[in-house]
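Student: no sequence for this one, just the structure:
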């Protein structure tokens, strides 16, 4: 059983088959070249990402160092400037509130100063290095002394309070 009747049909078929196979080979070569280019691009991207990751790690280390530096306790004795008698009264009110917070009005009532004057004195305290915490409860601003500073004040009298100031206040 023969598939081709003439010899010329066989050679024609062989030529057609050879052409088709060559075309397939060319397409496969193009495909292989494209894959190689993509592989090279992927490799380049991977290397770039590795370099970026190293830089990010270095930045994270620097941020950690800065964070540690920023969180180091500073010597409060050097940071707090001497307070006036009235500023000491405002400080004692805030200090005596414990972990609680007071409004400007609360401080004004305890010291006998006007609210506007209390606002000025609190600003002076902060300018002189006393860490005053502020938080809003509802629409009202509440003030307090930072807990770490409160502890240091209890141990070392950083603010150098005059004894008569705390005795004259009715808290």
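Tutor: Arrived safely, thanks for sending. Keep in mind that what you see is a predicted model, and the values were worked out from it rather than measured. Numbering: from 1, shown residues only.
Student: so for residue 121, what's the pLDDT?
Tutor: Confidence at residue 121, expressed as pLDDT, is 93.
Student: quickly find the element holding the closest residue to it other than its chain neighbours.
Tutor: Take residue 121 and drop its neighbours on the chain: the residue closest to it by C-beta to C-beta, 6 or more residues apart in numbering is residue 90, 4.3 Å away. Where you see a C-beta, it was placed from the backbone N, CA and C, and this is true even at glycine. Residue 90 belongs to helix 85-96 when assigned by DSSP states H and E.
Student: tell me the helices and strands packed up against that helix.
Tutor: helix 104-111, helix 115-127, strand 140-145, helix 163-168 (3 or more C-beta pairs under 8 Å, 6 or more residues apart in numbering; DSSP states H and E).
Student: with distance to residue 86 and mean neighbour count added, can I get those in CSV?
Tutor: Output for the helices and strands packed on helix 85-96, formatted as CSV (distance: least, C-beta to C-beta, whole Å; neighbours: other C-beta atoms under 10 Å):
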stretch, distance to residue 86, mean neighbour count
helix 104-111, 8, 19
helix 115-127, 6, 17
strand 140-145, 16, 18
helix 163-168, 9, 12
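Student: can you add distance to residue 22 and give the ones you listed back as a markdown table?
Tutor: Putting those into a markdown table (distance: least, C-beta to C-beta, whole Å) gives the following:
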| stretch | distance to residue 22 |
| --- | --- |
| helix 104-111 | 91 |
| helix 115-127 | 85 |
| strand 140-145 | 84 |
| helix 163-168 | 102 |
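Student: for residue 79, find the nearest of these.
Tutor: Among these, helix 115-127 comes nearest to residue 79, with 11.3 Å by C-beta to C-beta.
Student: what lies in contact with the closest one?
Tutor: For helix 115-127, the surrounding residues in contact (C-beta atoms under 8 Å, 6 or more residues apart in numbering) are 83-84, 86-87, 89-91, 94, 104-105, 107-108, 111, 113, 132, 143.
Student: now do the domain split for this structure, please.
Tutor: 1-72, 76-168 (automatic domain parsing).
Student: ok, of the contacts of helix 115-127, which one's closest to residue 24?
Tutor: Among those, and counting by C-beta to C-beta, the member closest to residue 24 is residue 132, at 81.0 Å.
Student: contact partners for that closest one?
Tutor: By C-beta under 8 Å, 6+ apart, the contact list for residue 132 reads 94, 122, 125, 126, 143, 144, 145, 146.
Student: farthest pair within the residues you listed?
Tutor: Every pair in the contacts of residue 132 was compared (C-beta to C-beta); the two farthest apart turn out to be 122 and 146, at 13.6 Å.
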